[in-house]
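Student: Mind folding the following:
(one chain, ligands or ions: 1)
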Amino acid sequence: MKIKRVAIVGGGTAGWLAANHLGVELSRDPDIQITVIESKDIPVIGVGEGTVPQIKTTLKKFGISEIDLLSSCDATFKQGIKFANWMSTEKYGADHFYYHPFSSPYPSGFDVTNYWLNNKSSFEFSKLSEIYLVAELNRSPKQKSSPPYMGMVDYAYHFNAAKFSDLLARNAREKFSVRHIVETITQVLCHEDGYIKGFVYESGNEEEFDFFIDCSGFSALLIGNTLGVPFLDKSTRILTDTALALQEPTAESDEIQPYTLATAHKAGWVWDIPLTTRRGVGFVYSSKHMSESEAVDSFSTYVGRDLQNANLRRVPMKIGYRESFWEKNCAALGLAQGFVEPLEATSILVTDFSAQLLARSFPKTKDDIAAVSAYCNRVASYTWDRVIDFVQFHYFISDRRDSMFWRDNTETTMISDVLKERLDMWKIAPPKKTDFFSAFDIFGVENYLFVLYGMDYPTRPGVLGANEESRAKELVRDVQDKSLQMGNSLLSHRVWLSELKRALASR
Ligand SMILES: Cc1cc2nc3c(=O)[nH]c(=O)nc-3n(C[C@H](O)[C@H](O)[C@H](O)COP(=O)(O)OP(=O)(O)OC[C@H]3O[C@@H](n4cnc5c(N)ncnc54)[C@H](O)[C@@H]3O)c2cc1C
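Tutor: Take a look at the predicted model:
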């Protein structure tokens, strides 16, 4: 029997990303109808404002114009993440930082890592990217004349999460005729074989579908509550479990940082995400290592005012993922599938990736499900494991020992065999592209290099050949010259965005 009626439960970022991906792949078939169901009484999580460059490819594919995104979502450009205080302040000073920029540290494709390892006292690894200076000077990644979705350096976005969902919803309804209903599901109905059949809504109406996508957030209404797929808890590897979120107003005249600032503290870190109208700031911590009142005090120090009576949102975080994201006629995406704290903005990325995987492998009939779901589940589990490795290693390789949180993170034996093997290997020689076998690694050699050497990972330098040395020296000088040129010629981030706003207003 052909799968025709597809229900997506949830109208958050995950639900609408799924609706657009399915729209792209399935809307050519007039038999298929995609419905997004959301509850007016169960709010979306409302955080999730940092992305990675992959989002540009996705938005282009959905047919969303960059100008629409920038103008309707209070969006700003993100050229990477600036990590402050992730190392010992005694050794590296009170204001040390490094960048994980969205670029490659291989100038002209040449691997200069060994040259850097031999000369690391003379310049920081982050400076192998032009983004270091462009970001430090608060410049826009784009010129006025840059084509949509392209810049002088690579970038992603920060945006208002609720407005982003609205943009995706509008696009899915208008371009792919996705049906949207506002109802609270009070009961999930199943067939005798355990496949899901449909819903009873709070209004008393009932509706049946052939395939279900669970984007119901942490509640995991279908994949967890109905189908009972176990949640693999990873809180022994990622110790942060709570966030306090705050929105801070900004003035029109304030500079806008073109990066997420991630500042480590005694029991976690703070995200600081600039939008055009405000900053989204969040205090991420481990509740086993810090009480809520200590967290509020420490957060108050960060923002420079007393937050005891402020409108802080406390968000508990469930760290881990579903043993299988696709079970019978139901696949889970977004927070219903899994979550690994917000460092490195992995959640929208994994959702986007999984939604695309599902849309491309979408079964035509019930009989197709077993084969494609087995493959997709293997891919998703691999991806989650590598995402957890990548997030955990930011904590694990730190030399901070100033609190129990840092000691528990750095002295743990709870790391995966893959991460352990890689870190052991990278003491002997730096990472290479070929260390990453799979297209599903998500984070590859560039990402690891910037974090490893931003954090001074002790790799043994190799012997430098004369040719290698002179070529590397020349290429590093080129990056520095290009950085200066860009720093001098690119507009300030705030000015670029204000000029866009003015131009749109005068249309
Ligand atoms: C503290 C924190 C910070 C984060 N920061 C980032 C970041 O910087 N970058 C990033 O990529 N990600 C981030 N994330 C993750 C990001 O917020 C999520 O990936 C994203 O918002 C998607 O959420 P969702 O759509 O899965 O769930 P939700 O937004 O929770 O949506 C759930 C939907 O399900 C519906 N629903 C639930 N139950 C029912 C029912 N019974 N009947 C009908 N409808 C129902 C609700 O109405 C709602 O529409 C962060 C997450 C947290 C917790």
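Student: switch to C-alpha atoms for all contacts and neighbour counts from now on
Tutor: Noted.
Student: where does the stretch 151-300 of the chain have low pLDDT?
Tutor: Along the stretch 151-300 of the chain, no part satisfies pLDDT under 70.
Student: Show me which residues of it are close to the ligand?
Tutor: Glu183, Thr184, Ile185, Thr186, Cys215, Ser216, Gly217, Ala243 (CA under 6 Å from any ligand atom).
Student: Does the third one touch Gly204 like I think?
Tutor: Pointing back at Ile185 there. No. Counting by CA atoms under 8 Å, Ile185 does not reach Gly204; the two are 9.6 Å apart.
Student: Out of these two, name the residue with the larger neighbour count.
Tutor: Taking neighbours as other CA atoms under 10 Å, Ile185 and Gly204 compare with Ile185 leading, 20 against 11.
Student: what's across from that one in the sheet?
Tutor: As for beta bridges, Ile185 partners with Tyr201 under DSSP bridges.
Student: which residues touch it?
Tutor: When contacts are counted by CA atoms under 8 Å, 6 or more residues apart in numbering, Ile185 touches Ser39, Phe199, Val200, Tyr201, Glu202.
Student: Tell me if the second one really is in a strand.
Tutor: Yep, that's Phe199 we're talking about. Yes. With DSSP: H, G, I helix; E, B strand; the rest coil as the criterion, Phe199 is part of a strand.
Student: which non-adjacent residue is nearest it?
Tutor: Val188 (4.7 Å; CA to CA, 6 or more residues apart in numbering).
Student: Same list (the residues of the stretch 151-300 of the chain next to the ligand) but as JSON lines, adding distance to Leu232.
Tutor: Below are those laid out as JSON lines (distance: CA to CA, whole Å):
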{"residue": "Glu183", "distance to Leu232": "30"}
{"residue": "Thr184", "distance to Leu232": "27"}
{"residue": "Ile185", "distance to Leu232": "26"}
{"residue": "Thr186", "distance to Leu232": "26"}
{"residue": "Cys215", "distance to Leu232": "18"}
{"residue": "Ser216", "distance to Leu232": "18"}
{"residue": "Gly217", "distance to Leu232": "16"}
{"residue": "Ala243", "distance to Leu232": "21"}
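Student: can you list the residues of this structure near the ligand?
Tutor: 9-15, 37-40, 42-51, 183-186, 215-217, 243, 315, 317, 334-336, 342, 345-349.
Student: One more pass at 5 Å, please.
Tutor: 10-14, 38-39, 42, 44-45, 47-50, 184-185, 216-217, 334-335, 342, 345, 347-348 (CA under 5 Å from any ligand atom).
Student: Show me those residues that map onto helices.
Tutor: Applying DSSP state H to the residues of the chain next to the ligand, the entries found in helices are Thr13, Ala14, Ser347, Ile348.
Student: With just CA atoms, put stretch 207-226 into CSV.
Tutor: In CSV, the C-alpha atoms belonging to stretch 207-226 read as follows (Å, rounded to 0.1, in the frame of the first residue of the first chain):
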residue,chain,number,x,y,z
GLU,A,207,-7.4,11.5,12.0
GLU,A,208,-5.4,8.7,10.4
PHE,A,209,-2.1,8.8,8.5
ASP,A,210,0.3,6.3,6.9
PHE,A,211,3.7,7.7,8.1
PHE,A,212,4.7,9.8,11.1
ILE,A,213,7.5,12.1,11.9
ASP,A,214,8.0,12.8,15.5
CYS,A,215,9.2,16.4,16.0
SER,A,216,7.5,16.8,19.4
GLY,A,217,10.6,18.0,21.2
PHE,A,218,12.0,16.5,24.4
SER,A,219,8.6,14.8,25.1
ALA,A,220,9.2,12.4,22.2
LEU,A,221,5.5,11.7,22.0
LEU,A,222,5.6,9.0,19.3
ILE,A,223,9.2,7.5,19.3
GLY,A,224,9.4,7.4,23.1
ASN,A,225,6.0,7.3,24.7
THR,A,226,4.1,5.3,22.0
